[in-house]
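*Asks:* Structure of the sequence below:
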Amino acid sequence: MIRKMLIPAFLLTLTVLPSCSTGTHEYTKFLSIKGQTWDYKDTLSYEFGIKDTAEYRISLSVRYEKEYEFSNIWIKANDGNINSRIELPLFSLNGQPLGQCSGGLCTQTLSWKDVQLNGSDTLRLHIVQNMRKNPLRGVSEVGVIIDRIPQ
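*Replies:* Got it, this is the predicted structure:
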C-alpha cells in the first residue's frame, strides 16, 4: 500500500521541483497589465543595474490568454537610445499557442537583442503595445529577462 503511494508522490516531486527553480538570469521582471487590458498610454518600465562590463542577451516575454484574438503581438521598446518595433508570435499557423502553457495562460519568450553593457551603468527599458486595437485585451504580464552571455 505504501509503495503504491510513494511512486505517485515521487513523480509529482519530479514534475514540481524544476518549476520552482529561479534560474540563472541576471535580471527577470514581469509587470502586470491591469485587468488584462493594455492601453497605448500604459508604459511598462524596467531598470537593470549592470554589475559587470560584458555582453548581455535581452529577451522579452509575454503572458497571454489562450483566447487572445491575434496570432502575434507588436510592441515598441525604447532603451534610451533606440526605439524598436518587435513582433512576438503567440500562435502557430494552425492556431496552437506558442510557448509554455498552463491552464488558460501561456508564456512566450523571444530573444530580442545582444548588447554590450558597461559595469556601473543602468539599463532602462520602456515598453508599450503597438497593435491596431486599443485597448488590447488578453495580455496579463510582460517581462524582461537579461542573461550574461558567456565568453
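*Asks:* beta partners for the spatially most central residue of the chain?
*Replies:* Nearest to the mean C-alpha position of the chain, counting by CA atoms, centre = their mean, stands residue 61 at 1.7 Å. Beta-bridge pairing for residue 61 (DSSP bridges): residue 109, residue 143.
*Asks:* got the contact list for it?
*Replies:* 30, 107-110, 142-145 (CB atoms under 8 Å, 6 or more residues apart in numbering). For every residue, glycine as well, the C-beta is placed using N, CA and C.
*Asks:* Just among these, which is most surrounded?
*Replies:* Neighbour counts for the contacts of residue 61, by other CB atoms under 10 Å, peak at residue 142, which reaches 26 neighbours.
*Asks:* show me what contacts that residue?
*Replies:* So residue 142 contacts 30-31, 33, 44, 60-63, 75, 127 (CB under 8 Å, 6+ apart).
*Asks:* could I get those as JSON lines with distance to residue 134 and pLDDT?
*Replies:* As requested, those are exported to JSON lines (distance: CB to CB, whole Å; pLDDT from 0 to 100):
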{"residue": "30", "distance to residue 134": "22", "pLDDT": "98"}
{"residue": "31", "distance to residue 134": "18", "pLDDT": "98"}
{"residue": "33", "distance to residue 134": "13", "pLDDT": "97"}
{"residue": "44", "distance to residue 134": "15", "pLDDT": "98"}
{"residue": "60", "distance to residue 134": "20", "pLDDT": "98"}
{"residue": "61", "distance to residue 134": "22", "pLDDT": "98"}
{"residue": "62", "distance to residue 134": "17", "pLDDT": "98"}
{"residue": "63", "distance to residue 134": "20", "pLDDT": "98"}
{"residue": "75", "distance to residue 134": "13", "pLDDT": "98"}
{"residue": "127", "distance to residue 134": "15", "pLDDT": "98"}
